[in-house]
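Asker: mind looking at a prediction? Sequence and model below.
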Amino acid sequence: MKLVGVELIRVRIPLVAPFRTSFGTQEARELLLLRVETSVGEGWGECGAIREPVYSSEHTDGVEQVLRDFLVPELGRAGEFTANAVGPLLARFKGHRMAKAALEMAVLDAELRAHDQSFASLLGSTRDTVACGVSVGIMDSVPRLLDAVAGYLDAGYLRIKLKIQPGWDVEPVRAVRERFGDDVLLQVDANTAYTLADARHLARLDPFDLLLIEQPLDEEDVLGHADLAAHLRTPICLDESIVSARSAADAIRLGACRVVNVKPGRVGGYLEARRVHDVCAAHGVPVWCGGMIETGLGRAANVALASLPGFTLPGDTSASERYFRFDVTEPFVLEDGHLRVPTGPGLGVTPIPERLAEVATGRLWVRS
Ligand code: OSB
Ligand code: MG
C-alpha cells in the first residue's frame, strides 16, 4: 500500500470516576486516535500515551509532534510498503514506541480490512473470548475500596488488581482478602513506587497469596527486580521495564520477573507484542494483556492479542463501562467475566461518527 495521509484526532473522554495510581490521578482520558488513508483504504489506530509523561516518557502532545514531524512523513516517503515493514521503516527514529505503535496499528487495520482478515486471526488467536480482570485505583479509604471491589466482583470480573504505593499496600490487600476470601484472584501494581530498601516491607504481602506484584521498582532497575525477587515469595511481574521482546528475554534471563504484562504501545506495536508473547512462551513465562484505558479501538486490538495461547492470566481488558459512560465504538460488554474477541475485518470495530465528534477536541490532517 501507499500512505495518503493521517488524521490525528485528539480526544478527551471523562472517566466514570477518577483513576488514581502511584503516579497521579486521571479524571479524563486524553489521547490521540489516528485515521490513516492509504491506497487500499482507511484504518484506525489509538495511542496509549497519557497527557503527562508520568507512566513512561511519552505523552500525548509529544506523540502528536513526533507523528506529524517524523513518523508520518517517513512512511509517506517509503512509497509502497506493508504493515510488517512499518517497524523497520521507522527504526532509525529512537524510542517513541507508543507513537510508532499507533501508526502501525492503523496501517495494520487498513491492510487487514483490505484482505478481509481480523486482527485476532493475523496475531494467531486460539480463543473466541478472553478472561477479564480489572485494575482498581488507590482510594481515599479502605471501605471505599471494598465497595468498589464488591461492585467489580458482582459485575463478574475474574481477577482484581489493586494499585498500591507506600502507605497504601498491606492494609488494602489484607482488607480485600478478609472481606472477599482467598479464592479471589488478586494482584497488585506499584507503578515503580518502591525501592530495594522496601524489600522487607514488600515481603509482608507474601502471606496474602497474590498472583503477582507488578513493577515495584524503577523502569530501568531490572537488576534490582532480580535482587528483590530473592526476598519475595510473591512473583514479580514487569510492566514499565519491558519495552521490547529483547528486553523481555533479558529480564527473564536475569531472573527479574516470573510474569510479563504485555502492552502493545509500550513495546512499539502489536507485532512486537506478539514477539514478546513468543519469547515468554518459549521460556514458560505466563503473560497477560495490560491496558492504557483504551477506547473501543485499542480495546478491540488488545482483546485480539489476549486471545493468543500464552495469555494464561486474565488481563486488564475490562468492559468499556468500567471507564467510560460512552465509548467511541460500540461498547465492549462483560459476559460471564469475558469479552468476546472481534471477528470482523481489521479491528472489527470503527468509531461511531457522532460519538467521536462529541469527544474530539482537535483534528490535524498530516499529508504524506
Ligand atoms: O500500570 O497498568 C498500568 C493505566 C494507565 C497507565 C498504566 C497502567 C494503567 C492500569 C489500568 O493499570 C489499565 C486498564 O485498565 O486499561
Ligand atoms: Mg502496570
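Answerer: That came in fine, so what should we check first? Ligands and ions are numbered 1, 2, ... in the order given.
Asker: mind checking which helix or strand residue 61 is in?
Answerer: Element membership for residue 61 (DSSP states H and E) is helix 60-66.
Asker: mind giving me the packing neighbours of that helix?
Answerer: Judged by 3 or more CB pairs under 8 Å, 6 or more residues apart in numbering; DSSP states H and E, helix 60-66 is in contact with strand 3-21, strand 24-38, helix 97-115. For glycine as for every other residue, the C-beta is placed from the backbone atoms N, C-alpha and C.
Asker: wait, what's in contact with whichever residue of the stretch 51-200 of the chain sits closest to ligand 2?
Answerer: Across the stretch 51-200 of the chain, no residue is closer to ligand 2 than residue 189, which sits at 4.4 Å (CB to the ion). Residues in contact with residue 189, defined by CB atoms under 8 Å, 6 or more residues apart in numbering, are 21, 135, 161-164, 213-215, 239.
Asker: swap the cut-off to 10 Å and go again
Answerer: Contacts for residue 189 were tallied using CB atoms under 10 Å, 6 or more residues apart in numbering; they are 21-22, 135-136, 161-165, 212-216, 237, 239, 261, 290, 316.
Asker: and if you look at residue 151?
Answerer: Under the criterion of CB under 10 Å, 6+ apart, the neighbours of residue 151 are 134, 136, 157, 322.
Asker: my guess is it is in a helix, correct?
Answerer: Yes - the assignment for residue 151, made by DSSP: H, G, I helix; E, B strand; the rest coil, places it in a helix.
Asker: ok, residue 337 - contacts?
Answerer: Applying CB under 10 Å, 6+ apart to residue 337 gives the contacts 129-133, 153, 155-159, 314.
Asker: roughly how far apart are it and residue 225?
Answerer: When distance is defined by CB to CB, to the nearest Å, residue 337 is 30 Å away from residue 225.
Asker: for the residue of the chain found nearest ligand 1, what is the enclosing helix or strand?
Answerer: Across the chain, the shortest distance to ligand 1 (CB to the nearest ligand atom) belongs to residue 291, at 2.3 Å. Applying DSSP H and E as the criterion places residue 291 outside every helix and strand.
Asker: again, but for residue 42
Answerer: Taking DSSP H and E as the definition, one finds residue 42 inside strand 41-47.
Asker: now, of the contacts of residue 337, which are buried?
Answerer: The neighbour-count test (16 or more other CB atoms under 10 Å) applied to these identifies 130-133, 153, 157-159, 314 as buried.
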